[in-house]
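Novice: next come a sequence and a model predicted from it.
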Amino acid sequence: MAQRAGSLDAAMRMSLRLGEALRRLDSDDPTVPVVRVVLLGGTGVGKSALFNALIGRSQASPTSDDVRCFTQKPFVAVSAQDRPLLNLPAELDPQYIDVDLGGIALIDTPDIDGALRENWHVTRAIVRRADIVVYVTMPDRRSEFQVHQELLAWASLKRWYFVLNKADQVSRVIDQVRDDFDGRLRDLGFEPHDGVRFVASATDQGRYDFSRMRQSLFNTRLVESVEKLRADGFLGYTSHALSDQVVEALAVRLEKVVEYEAELNDRIRQVYRDSLEQPLARHAFRVVVRELAWRYLGERIGWLMGVAVWLRARASALNASFHVARLGLGRWNLIGLARAGVSVLHAMLRGMVPLQRILTAMGPKYREEIRSIQADAQRFLEDQQLTGFAPTALSASTSIDPADGSADADGAAQQGKANDWPRWVYQSLWEGGEGQELEHLQTDLDNLGQQTAKQVGPWPLAVVTNIIPTAFAAHALFRIGKAWLDAQYLPAAFYGMAISLLLVSLLPGYLLLAWRMRRACAALEPRTLVDSVQHPLATTPVRTVRERLSEFLRETVSLRSTLNQLRRELDQEIPSASTVRPSRPLAD
């Protein structure tokens, strides 16, 4: 999903985080019954002393009152039989203490805010593998910005406990300190309560919440829920990939695309307004739209009347093609007659009026503006890092240089000729190489022709105009079938009369359609084309990017909603007093 976004920053961030979630899923065996509980905190808050107190081993993780950043390696308290199951990387140099904690591995980490940067990397590598993180602080350091930023980075990924250590230093105002600590956790997006937030002292274990904290951390129900904890960890990493910051970045980019698409569409409409002010262009416009409307009318009317309208469109296209081709020639000459002949040939091959002369009548400014809009659209997508969302075919076509003699460019050109040889032959006989502009104009005029045909021939009219010819045809077929069954062959005069009557029966419906077509085309003005331009071909890359980016954003929001629902369901199955997650989206 995110790979489609190419180099888009937000989507790249999402892709990297999803990759991390998948790697975590692959590296963790959910059936391994060891819960990894990690102590995380700043310098001097007493993590190591708390670690030693929890496992009942003095100096198991060495402590010092004088040396800052004293702990430089992870110390791991785990039973000998569970140690191989932890799978901690050897380069982290973990120091193991053989303590049976009933399927729990308690890990003391180096300070996350110390002067030694290598300690940060060790701690983050351990936290990345944690099932539960215990944030440890002390009264004087409960508001440290750097440590809080580290919490924010991991907040949505993990499940948490919170320990305010060294409570004996503020025993007189412990209630106020506890309330302040809770308030700071709420500011970070957590919802602290007595089940997950503990006030303790590693040196005075008989007071405060130490016993309750130890019981909660080493709860056997955690081991029983280890598979759910691992599943929750994977969902946490996946949710982090789809964080509000990523979604908001995509939404901002989508808004820019919508605004720029509207701007380009307005520019194209203005180009049409200016170009169709030319008398020759206006006349050619009416001729072309009328013939396109007849062409699409045949498809709408259908049955017998549809055949009549189709024949009329083909025959009329020859005359209209010659007429449009003569526009702007100024005088008769051999070249003009040759080009008019090409127009007629094109109409015969394609059943449509060629548009070269209407394009010529609109002037060179139209062609220059269309090309400028295309170039601006391409530059915009590149500047916004959205080319990965652009249509593959259009991207390929714009990347092929016609002067390039490479095999790829040659192959693409030959394939294009093979797929649409009548258009290629026709365009080859005209000077200027204006194929793309013709295609843009053809698309917009086609849309207007279809709208006109829909206005002229609604489905009730299709039924009415086919009633009389259908009745004559049914009567004639009945007579012919009955005669054949009776072995009484009808004379040739009957067939001639039947065909003549069928043609006459088509006349009322045809005249009705012609009258409605004449009224509809009489009301046609160039502004009608301008008003009908909703999805111009020149802005197709930007429009496609907008549609795909919008779909991408919807999928992202939907997936995030599903993940949150799954995590809420897991909350009901994992011990409720064991952990807590942020109550609102957090910053990266």
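Specialist: That came through fine.
Novice: drop to CA atoms for contacts and neighbour counts, all remaining ones
Specialist: Noted.
Novice: helices and strands of the chain: which one bottoms out on pLDDT?
Specialist: Least confident helix or strand, the chain: helix 421-429 with a mean of 43, by mean pLDDT, DSSP states H and E.
Novice: what packs against the helix or strand that it is followed by?
Specialist: Following helix 421-429 in sequence order, the next helix or strand is helix 435-456 (DSSP states H and E). Helices and strands touching helix 435-456, by 3 or more CA pairs under 8 Å, 6 or more residues apart in numbering; DSSP states H and E, are helix 279-301, helix 356-361, helix 364-383, helix 492-522, helix 526-532.
Novice: please settle this for me: is residue 107 part of a strand?
Specialist: Yes - the assignment for residue 107 (DSSP: H, G, I helix; E, B strand; the rest coil) places it in a strand.
Novice: in contact with it, which residues?
Specialist: With contact taken as CA atoms under 8 Å, 6 or more residues apart in numbering, residue 107 is in contact with 36-39, 51, 74-77.
Novice: if you set the cut-off to 6 Å instead, what comes out?
Specialist: Taking CA atoms under 6 Å, 6 or more residues apart in numbering, we find residue 107 in contact with 38, 75-76.
Novice: now residue 561
Specialist: No residues are in contact with residue 561 under the rule CA under 6 Å, 6+ apart.
Novice: so it versus residue 568, what's the distance?
Specialist: When distance is defined by CA to CA, to the nearest Å, residue 561 is 11 Å away from residue 568.
Novice: with residue 58 instead?
Specialist: 40 Å.
Novice: as a quick check, tell me the outermost residue of the chain.
Specialist: residue 488 (70.2 Å; CA atoms, centre = their mean).
Novice: ok so that residue is a strand residue?
Specialist: No - secondary structure assignment (three-state DSSP) places residue 488 in coil, not in a strand.
Novice: quick one: low-confidence parts of this structure?
Specialist: Across the chain, the ranges flagged by pLDDT under 70 are 1-13, 16-17, 20-32, 64-71, 114-116, 316-358, 361, 392-438, 575-588.
Novice: give me the domain ranges for it.
Specialist: The chain breaks down into these domains under automatic domain parsing: 32-225, 252-545.
Novice: tell me the secondary structure of the residue nearest to residue 43 when sequence neighbours are not counted, please.
Specialist: If the residues on either side of it in the chain are set aside, residue 43 comes closest to residue 111, at 5.2 Å by CA to CA, 6 or more residues apart in numbering. Counting by three-state DSSP, the backbone at residue 111 sits in coil.
Novice: need phi/psi at residue 111.
Specialist: phi -60, psi 140 (degrees, to the nearest 10).
Novice: I'd assumed residue 42 was in contact with it.
Specialist: Yes - using CA atoms under 6 Å, residue 111 is in contact with residue 42, at 5.0 Å.
Novice: compare the two and say which is more crowded by neighbours.
Specialist: The neighbour comparison of residue 111 against residue 42 (other CA atoms under 10 Å) goes to residue 111, with 28 against 24.
Novice: highest neighbour count among the contacts of residue 107?
Specialist: Counting by other CA under 10 Å, top hit in the contacts of residue 107: residue 38 with 28 neighbours.
Novice: surely that one is within a helix?
Specialist: No - according to three-state DSSP, the state of residue 38 is strand, so it is not within a helix.
Novice: all the strands of the stretch 51-200 of the chain, residue numbers only.
Specialist: 75-78, 95-98, 104-108, 132-137, 159-164, 197-199 (DSSP state E, counting those that start in this stretch).
Novice: now the ones you listed as a markdown table including distance to residue 365?
Specialist: Shown next, in a markdown table, are the strands of the stretch 51-200 of the chain (distance: least, CA to CA, whole Å):
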| stretch | distance to residue 365 |
| --- | --- |
| strand 75-78 | 75 |
| strand 95-98 | 77 |
| strand 104-108 | 73 |
| strand 132-137 | 67 |
| strand 159-164 | 64 |
| strand 197-199 | 72 |
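Novice: and residue 502, which of these is closest to it?
Specialist: strand 159-164 (82.7 Å; CA to CA).
Novice: what angle sits between that closest one and strand 132-137?
Specialist: 20 degrees (axes from the mean of the first three to the mean of the last three CA atoms, to 10 degrees).
Novice: buried stuff in strand 159-164?
Specialist: 159-164 (16 or more other CA atoms under 10 Å).
Novice: repeat that for stretch 107-125.
Specialist: Of all the residues in stretch 107-125, those buried under the rule 16+ other CA under 10 Å are 107-114, 119-120, 122-124.
Novice: for stretch 199-207, same thing?
Specialist: 199-202.
Novice: so what's the gap between it and the chain middle?
Specialist: How far stretch 199-207 lies from its chain's middle: 53 Å, per CA atoms, centre = their mean, to the nearest Å.
Novice: with stretch 284-296 instead?
Specialist: 38 Å.
Novice: same question for stretch 456-466.
Specialist: Distance of stretch 456-466 from its chain centroid, counting by CA atoms, centre = their mean, is 42 Å.
Novice: element containing the residue nearest to residue 49 when sequence neighbours are not counted?
Specialist: Leaving aside its chain neighbours, residue 49 sits nearest to residue 202 (6.0 Å; criterion: CA to CA, 6+ apart). Residue 202 belongs to no helix or strand when elements are defined using DSSP H and E.
Novice: would you mind stating the distance between residue 202 and residue 387?
Specialist: As judged by CA to CA, residue 202 and residue 387 stand 57 Å apart.
Novice: show me which of the contacts of residue 107 is closest to residue 184.
Specialist: Distances from residue 184 to these, taken by CA to CA, are shortest for residue 38, at 21.2 Å.
Novice: so who does the closest one touch?
Specialist: So residue 38 contacts 106-107, 133-134 (CA under 6 Å, 6+ apart).
Novice: distance to residue 181 for those - can I get that in TSV?
Specialist: Converted to TSV, those look like this (distance: CA to CA, whole Å):
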residue	distance to residue 181
106	24
107	24
133	17
134	15
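Novice: nearest to residue 375, of these?
Specialist: residue 133 (52.6 Å).
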